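1. no sequence on this one, just coordinates:
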């Protein structure tokens, strides 16, 4: 179903004159660009968007698949599009709903072999609104990535607002952070302020905790997220670092999604994997959901001077391993889409391709699902760390079945 593409992975982070090297690995699936078509075989890309906390599906989520395909979720949080309309290969999947943050993953579609995988997207519900009048006020929330402080604080001065306004401040971590950082940067602490894009009469002060100890660096570049393009924009402003509190503060003129940028880069490479087990597809269904958990070990001790949670979340935001973004703090769920056997299909055939189906039936291959354990070597401040990711993918062909041309699929 796929080929493996090898990339070199290095994360280089410059903090307070220290260079961090993080080595990681990843498998990327690439489908054929010219699929074989068959009108009797219909493959769908089915995905789901859920509430991060409740794991319940979210209705009416706007979902964009690639650049041209848009749809919404049903009352169970599922979306479904014809894979043929999207095309073979790797495409970005973006999700957004009122009252929630941003979500994204990648879908891998192989029209030739009749398979598609996509991760379920969890959306973070935004914090409750707080009423602030024209005299201003202070709103705070928690970001667990901070090394010595975990508070994000927004100070709104007197006269910044024209009228009493409902405002919320939320924190995004890991897979909740939208988009990818600008080239040469990594995201450091991300906050979202509603109402989005509200322009202030006077600048407000945004204070963010730092995920590392900084003794020589005195400022970090401000980044602003443009949701229309799913990209981070480099602002002309810089956040000033207070080493005594290990925080950084910056003046902002409008609300939206902000982050700090630290110089660095992120790349990935494939390492040897270990097969943990196999799953057989239910031939009466059209997709299977499989949960897996990414883990991390520290054989040489936990690095000092940097937030481990932030390091994990940096990998979560940037990695493309398996089927898009993953979390080190929760189960990742992958949906395997395939072509089912119709209820009135005649028989399961052997793997021998020379066996023919009866008249009125089409021969379709059966694959099994493989679950792999992929080790990722991480070198940080002179210490080696190993991250283990479990990925799920379509495996070898195990036979054929005869699908009736009038059956379901």
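-> Thanks, I have it. What you see is a predicted model; the values in this text were computed from it and never measured.
2. shaky segments in the stretch 51-200 of the chain?
-> Confidence mapping of the stretch 51-200 of the chain against pLDDT under 70 gives zero matching residues.
3. just to check, residue 185 is in contact with residue 259?
-> No: in this structure, residue 185 is not within contact of residue 259 by CB atoms under 8 Å, at 9.2 Å. All C-beta spots, glycine's among them, are computed from the backbone N, C-alpha and C.
4. show me the common contact partners of the two, please.
-> 223, 232 (CB atoms under 8 Å, 6 or more residues apart in numbering).
5. these two: which is more packed in?
-> residue 259 (27 against 21; other CB atoms under 10 Å).
6. tell me the bridge partners for the more buried one.
-> residue 190, residue 223 (DSSP bridges).
7. for it, list the residues it contacts.
-> 177, 181, 187-191, 223, 225, 232.
8. at 7 Å what do you get?
-> 187-190, 223, 232 (CB atoms under 7 Å, 6 or more residues apart in numbering).
9. widest-spaced pair of the residues you listed?
-> 189 and 232 (13.3 Å; CB to CB).
10. comparing these two, which residue is more hemmed in?
-> Between residue 189 and residue 232, counting by other CB under 10 Å, residue 189 is the more crowded of the two (26 against 23).
11. tell me how far that one lies from residue 329.
-> Counting by CB to CB, to the nearest Å, the separation of residue 189 from residue 329 is 17 Å.
12. ditto for residue 247
-> On the measure of CB to CB, residue 247 and residue 329 end up 23 Å apart.
13. looking at those two, which one has more neighbours?
-> residue 247 (21 against 14).
14. is it true that that one touches residue 207?
-> Yes: using CB atoms under 7 Å, residue 247 is in contact with residue 207, at 5.5 Å.
15. quick one, helices of the stretch 201-350 of the chain?
-> For the stretch 201-350 of the chain, applying DSSP state H, counting those that start in this stretch gives helices covering 308-318.
16. what about the strands in it?
-> Using DSSP state E, counting those that start in this stretch, the strands of the stretch 201-350 of the chain run over residues 219-226, 231-242, 247-254, 257-266, 274-280, 287-292, 295-297, 332-338, 348-349.
17. least confident of those, on average?
-> Sorting these by mean pLDDT places strand 348-349 lowest, at a mean of 46.
18. show me the helices in the stretch 1-150 of the chain, by range?
-> Using DSSP H, counting those that start in this stretch, helices in the stretch 1-150 of the chain cover 83-86.
19. just the strands in it please.
-> Using DSSP E, counting those that start in this stretch, strands in the stretch 1-150 of the chain cover 3-4, 11-15, 18-22, 29-30, 44-51, 62-65, 69-72, 78-82, 89-96, 102-110, 115-119, 121-123, 130-132, 137-142.
20. just the closest of the contacts of residue 259 to residue 109, please.
-> So of these, ranked by how close each gets to residue 109 (CB to CB), first place is residue 232, at 27.0 Å.
21. thought residue 179 was touching the closest one, still the case?
-> Yes: using CB under 7 Å, residue 232 is in contact with residue 179, at 5.6 Å.
22. any residues in contact with both of these two?
-> residue 225.
23. sorry, back to before: so which of the strands of the stretch 1-150 of the chain is nearest residue 166?
-> strand 130-132 (5.6 Å).
24. contacts for the closest one, please.
-> Contacts for strand 130-132 (CB under 7 Å, 6+ apart): 139, 156, 161, 164-168.
25. switch the cut-off to 10 Å
-> Contact with strand 130-132 is made by 137-140, 154, 156, 160-161, 163-169, as judged by CB atoms under 10 Å, 6 or more residues apart in numbering.
26. and residue 132, how many residues sit next to it?
-> Neighbours around residue 132, by other CB under 10 Å: 19.
27. for it, which non-adjacent residue is spatially closest?
-> Leaving aside its sequence neighbours, residue 132 sits nearest to residue 167 (CB to CB, 6 or more residues apart in numbering; 5.3 Å).
28. quick one: that neighbour is in a helix?
-> No: assigned with DSSP: H, G, I helix; E, B strand; the rest coil, residue 167 falls outside any helix and is strand.
29. which neighbours do residue 189 and residue 232 have in common?
-> Common neighbours of residue 189 and residue 232 (CB under 10 Å, 6+ apart) are 177, 258-259.
30. which of those residues sits closest to residue 146?
-> residue 259 (13.8 Å).
31. how about the contacts made by residue 134?
-> 156, 158-165, 201.
32. want to throw these into TSV with distance to residue 104?
-> Formatted as TSV, the contacts of residue 134 follow (distance: CB to CB, whole Å):
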residue	distance to residue 104
156	30
158	38
159	38
160	32
161	32
162	34
163	35
164	34
165	29
201	34
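33. pLDDT of stretch 311-330, averaged?
-> 80.
34. give me the pLDDT for the nearest residue to residue 306 once chain neighbours are set aside.
-> Nearest non-adjacent residue to residue 306, counting by CB to CB, 6+ apart: residue 212, 4.4 Å away. Residue 212 is assigned 87 on the pLDDT scale.
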